[in-house]
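**Student:** what follows is a predicted structure for the sequence shown.
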Amino acid sequence: MYNDKKKLNAKDLIITGVFAVLFLMAVMIGGGPFASIPTLTFYFPIGAALLAGPIFMLFVAKVPKQGALAIIGLVECILGTLTGMHWGLNFGILFSSIIASFIAGSKNFKDTTFNLIAYLVYCIGPMGTYFVFFFNRESWVSFMLKKGTEQEYIDKMSQVATPGMMIIMVVGTLAVAALSGLLGLRLMRKQFVKAGLAA
């Protein structure tokens, strides 16, 4: 009976599907405007981390089971692949979601510190494409040109692709993710529990 409670059921999968949409909306609203501008594209992971903290914390409270976060990552990976996103982004999100699931799950999704660390790891995923850009630029450019990215976009992007920009991207993403995650935890304690959205 205990093992059955730990397995994902139909209700869990429905909730996971709803939250997959919420995560995508948070990424599009927070990070989308940056991604569309080549000189600001490296701020995309920072923007993507801005709004998803409360969503992440509510999700692990609603579906505290191994595999749920991995499904979120898989859905985002598949959608990213279908829409022509770089594989570094798609698989970065998938792998970070799986690792985040194990981190939060190691404490049964109930330890706030581990849940926060899990969210930080989750937010590293979108940086995957930029890591490929910095460390294997020729491969990244070749892939994106084949997917229809304009050379002008890549040229402008390359102009701001300094080591300092990579540091800003990584540190900025983790800092914003920490603040967003802490806000999520605060809302969990005050609003979500009071409203009956989380136990």
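**Tutor:** Done, it's in. Residues are numbered from 1 along each chain as shown.

**Student:** only C-alpha atoms from now on, for both contacts and neighbour counts.
**Tutor:** Will do.

**Student:** and the most centrally placed residue in the chain, what element?
**Tutor:** The residue lying closest to the centre of the chain (C-alpha atoms, centre = their mean) is Cys123, at 4.3 Å. In this assignment (DSSP states H and E), Cys123 forms part of helix 112-124.

**Student:** then Gly92?
**Tutor:** Assigned by DSSP H and E, Gly92 falls in helix 87-105.

**Student:** output the below-cut-off pLDDT ranges for this structure.
**Tutor:** By pLDDT under 70, the low-scoring segments of the chain are 1-5, 191-199.

**Student:** leaving out the residues flanking it, which one is nearest to Ala177?
**Tutor:** Once flanking residues are discounted, Ala177 sits nearest to Ala49: 5.1 Å by C-alpha to C-alpha, 6 or more residues apart in numbering.

**Student:** please list all residues in contact with the residue nearest to the centre of the chain.
**Tutor:** Contacts for Cys123 (C-alpha atoms under 8 Å, 6 or more residues apart in numbering) come out as 45, 48-49, 93, 96, 173-174, 177.

**Student:** again, but for Tyr122
**Tutor:** Applying C-alpha under 8 Å, 6+ apart to Tyr122 gives the contacts 93, 96-97, 99-100.

**Student:** before we move on, the earlier item: out of the contacts of Cys123, who's nearest Val63?
**Tutor:** For the contacts of Cys123, the closest approach to Val63 (C-alpha to C-alpha) belongs to Ser96, at 17.9 Å.

**Student:** in this protein, which spans are helices?
**Tutor:** In the chain, the helices defined using DSSP state H lie at 2-6, 10-35, 44-50, 52-62, 68-82, 87-105, 112-124, 128-135, 137-146, 151-159, 163-187, 193-194.

**Student:** just name the most buried of these.
**Tutor:** Greatest average neighbour count among these goes to helix 44-50 (a mean of 27), per mean count of other C-alpha atoms under 10 Å.

**Student:** just checking, what packs against it?
**Tutor:** Secondary-structure packing of helix 44-50 (3 or more C-alpha pairs under 8 Å, 6 or more residues apart in numbering; DSSP states H and E): helix 10-35, helix 112-124, helix 163-187.

**Student:** ok, and what's touching that helix?
**Tutor:** 26-35, 123-124, 126-127, 169, 172-174, 176-177, 180.

**Student:** could you rerun that using 6 Å?
**Tutor:** Defining contact as C-alpha atoms under 6 Å, 6 or more residues apart in numbering, one finds that helix 44-50 is touched by 27, 30-31, 34-35, 123, 126-127, 172-173, 176-177, 180.

**Student:** please apply the same query to stretch 33-42.
**Tutor:** So stretch 33-42 is in contact with 43-44, 153, 156-157, going by C-alpha under 6 Å, 6+ apart.

**Student:** go again using 7 Å as the cut-off
**Tutor:** Stretch 33-42 has contacts (C-alpha atoms under 7 Å, 6 or more residues apart in numbering) with 43-44, 153, 156-157, 160, 169.
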